[in-house]
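Visitor: here is a sequence together with a model predicted from it:
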Amino acid sequence: MTLPVAQHRPADRSALPVAGLVVAAWAALPPYAGPSLVLDPTVEVVDHVLPALVVLAVCVTVLAFRRRATAGALFAAGLLVVLAGFWMTVTHVPLLAQAARGEVSWAAATWHSLPGLAVMVLGAAWAVRLGKEPAAEQAAP
């Protein structure tokens, strides 16, 4: 017995990139809104703004080319989003350690750290969901 393979319509391909636009905006927010930390602005740009710009660029590119994107390209796009989220998460581990020692507030540490996790989860869902296209669609010219 063969189970039917779900076909991805262009609308299906838009949901995660649109969610990515929202998550990218959230990822860029902590340096400018919410509980603040006393950090060098360059650190905030490297930890939040640059990864958010990567996610934004990937999402806009996929939305622009969603009808022609191959499963491999969508999978690679998802991995780029995972990498941006991983960068954001890893760079905030010392901040969480500071919160555990009571050097910074947990509210600020959580506000600055959660977007990285959200970006990473979004990228993983993207790579798994959009990276699995039906074989017939992959073989099409």
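Guide: Good, I have the coordinates.
Visitor: which residues of the chain fall in strands?
Guide: In chain order, the chain shows no strands, with DSSP state E as the criterion.
Visitor: and the helices in it?
Guide: Using DSSP state H, the helices of the chain run over residues 10-28, 41-44, 50-64, 71-91, 93-100, 106-130, 135-139.
Visitor: what about the longest one, average pLDDT?
Guide: Mean pLDDT, helix 106-130: 90.
Visitor: and for the last one?
Guide: With pLDDT averaged residue by residue, helix 135-139 scores 43.
Visitor: if we can go back for a sec, including mean neighbour count, could the helices of the chain go into TSV?
Guide: Every residue, glycine included, has its C-beta placed from N, CA and C. Putting the helices of the chain into TSV (neighbours: other C-beta atoms under 10 Å) gives the following:
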stretch	mean neighbour count
helix 10-28	18
helix 41-44	12
helix 50-64	19
helix 71-91	20
helix 93-100	14
helix 106-130	19
helix 135-139	10
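Visitor: out of those helices, which is closest to residue 35?
Guide: Closest approach to residue 35 among the helices of the chain is made by helix 106-130 (3.7 Å; C-beta to C-beta).
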